[in-house]
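[1] Okay, predicted coordinates and the sequence, questions at the end:
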Amino acid sequence: MLFPVLDKSRAIAWQIGNEVLPCRPSPLIMGIVNVTPDSFFDGGKHNTPEQAYEHAVGLLQHGADILDIGGESSRPGSEPVSEQEELDRVCPVVEALAQLSNISEDLDNPGNRKFYISVDTVKAKVARECMRLGAHIINDISACTMDPDMPAAVADTGASVVLNHMRGSFGKMQQDFKPYNNVVQEVREELLIQAEKLMALGVKKEKICLDPGIGFGKTVQDNIDLMKSVENFLDDGYPVLVGTSRKSYIGKMSGLEKSDRLIPTVTAGIVAALGGASIIRVHDVLEAKESMLYLEALQSDGSI
């Protein structure tokens, strides 16, 4: 067989709430919803709660399994926002989506398909409030290192959690990060330290997902090395999330300087899936979903 890996996905199941999701034969798709005026990708197109909610519903209709709601940009040059401002941005969206997820089945309503709500934040108070409103996942780009209360917030709320690897300071990570000797080994070790801290507080291993943090304090070569090494992270028994959607490092690769980064992003998602990723985080859900359906068709001889 040309691609034997298609028949033997190593993707690791992820527990969200009381449900264990197999993440096979293809990864879950996490759709990005930025409720910010300075997103690197959409430039604030969904800056109000109403616009963000409409965008989120559209992503569900395109096939998103998880909606990742963020109210603070981490793009290069970004500045932190206040706790209250972030709460004001994300809480109305999370609350509205939580109500949608409880709607009974309706073929014309995206609520007929189970979906999960993630909050993209480094602030424990924001995470706690969003969990209270109905979120299921805390996605912390600092791997629970920026707010000393975040590990307890994860443990207290029963959240599933994404530990995203980052080096360098917020908004300046591409300028001030400490270089790596072995990026795959160091990222893996640093994430495992944070995972073990959470488990010491009672967080179940099955609820912890590792994200190597493509673009978060890495060179172009670091990002390439991590993308080629997704499978290495599976040996530790945690599901892996890969988020490389439209990121600027793509435009620094030979021949892609003028790319809009969509096709490379779809390709990266396929690479991540073949490597055993359990979740891919993307802006372009429809394209990602179609590429995953194509992989599934190959796995089943086109009989899906």
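    Perfect, thanks for sending it.

[2] residue ranges with poor pLDDT in the stretch 51-200 of the chain?
    For the stretch 51-200 of the chain, the stretches with pLDDT under 70 are 75-78, 103-112, 169-176.

[3] Can you show me the helices along it?
    83-101, 124-133, 150-157, 173-176, 183-200 (DSSP state H, counting those that start in this stretch).

[4] helices or strands up against the second one?
    The reference is to helix 124-133. Under the contact definition 3 or more Cβ pairs under 8 Å, 6 or more residues apart in numbering; DSSP states H and E, helix 124-133 sits against helix 83-101, strand 116-120, strand 137-140, helix 150-157. No exception for glycine: its C-beta is placed from N, CA and C like everyone else's.

[5] Let's see that with 6 Å instead.
    helix 83-101, helix 150-157 (3 or more Cβ pairs under 6 Å, 6 or more residues apart in numbering; DSSP states H and E).

[6] Pipe those into a markdown table and attach distance to Tyr180 per row.
    Conversion of the helices and strands packed on helix 124-133 to a markdown table gives the following (distance: least, Cβ to Cβ, whole Å):
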| stretch | distance to Tyr180 |
| --- | --- |
| helix 83-101 | 30 |
| helix 150-157 | 24 |
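
[7] The residue nearest to Gly243 when sequence neighbours are not counted pairs with what?
    Beyond its immediate neighbours in the sequence, the residue positioned closest to Gly243 (Cβ to Cβ, 6 or more residues apart in numbering) is Arg281, lying 3.5 Å away. Note on Arg281: beta-bridge partners by DSSP bridges are Met30.

[8] Now do Arg281 against Val266, distance only.
    13 Å (Cβ to Cβ, to the nearest Å).

[9] Look at the two and report which has more neighbours.
    Neighbours were counted for Arg281 and for Val266 using other Cβ atoms under 10 Å; Arg281 has more, 28 against 19.

[10] gap between that one and Ile66?
    With Cβ to Cβ as the criterion, Arg281 and Ile66 are 8 Å apart.

[11] shared neighbours, these two?
    Residues touching both Arg281 and Ile66 (Cβ atoms under 6 Å, 6 or more residues apart in numbering) are Met30.

[12] Is it possible to get the helices and strands packed on helix 124-133 out as TSV so that each row also shows distance to Met227 and mean neighbour count?
    What follows is these, written out as TSV (distance: least, Cβ to Cβ, whole Å; neighbours: other Cβ atoms under 10 Å):
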stretch	distance to Met227	mean neighbour count
helix 83-101	29	19
helix 150-157	27	21
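
[13] what's the closest of those to Ile208?
    helix 150-157 (8.7 Å; Cβ to Cβ).

[14] Just name whatever secondary elements that closest one is in contact with.
    Using 3+ Cβ pairs under 6 Å, 6+ apart, helix 150-157 sits against helix 124-133, helix 183-200.

[15] how far out from the middle of the chain is the helix or strand that contains Thr267?
    In this structure, Thr267 sits in helix 262-275 according to DSSP states H and E. Once both centres are worked out by Cα atoms, centre = their mean, to the nearest Å, helix 262-275 turns out to sit 14 Å from its chain's centre.

[16] Would you mark the buried spots in it?
    264-266, 268-275 (16 or more other Cβ atoms under 10 Å).

[17] From those residues, pick the one nearest Leu241.
    Nearest member of the buried residues of helix 262-275 to Leu241, counting by Cβ to Cβ, is Ala272, at 8.9 Å.

[18] Spit out the contact partners of the closest one.
    230, 242, 280.

[19] Give me the lowest-pLDDT entry from these.
    Ranked by pLDDT, the contacts of Ala272 bottom out at Val230 (95).

[20] That one and Asp211: what is the separation?
    Counting by Cβ to Cβ, the gap from Val230 to Asp211 is 11 Å.

[21] and the two? which has more neighbours close in?
    More neighbours surround Asp211 than the other of Val230 and Asp211, with 26 against 21 (other Cβ under 10 Å).

[22] I'd like to know the predicted local confidence at the more buried one, please.
    98.

[23] Next up, the contacts around it.
    162, 164, 241.

[24] One more: Leu198?
    Applying Cβ under 6 Å, 6+ apart, the residues near Leu198 are 151, 154.

[25] of all the helices and strands packed on helix 150-157, which lies closest to Ser142?
    helix 183-200 (9.1 Å).

[26] Can you mark which positions in the closest one are buried?
    183-184, 186-188, 190-191, 194-195, 197-198.

[27] ok, the residues you listed vs Lys207, which is closest?
    Nearest to Lys207 among these, with distances taken as Cβ to Cβ, is Leu198, at 8.6 Å.
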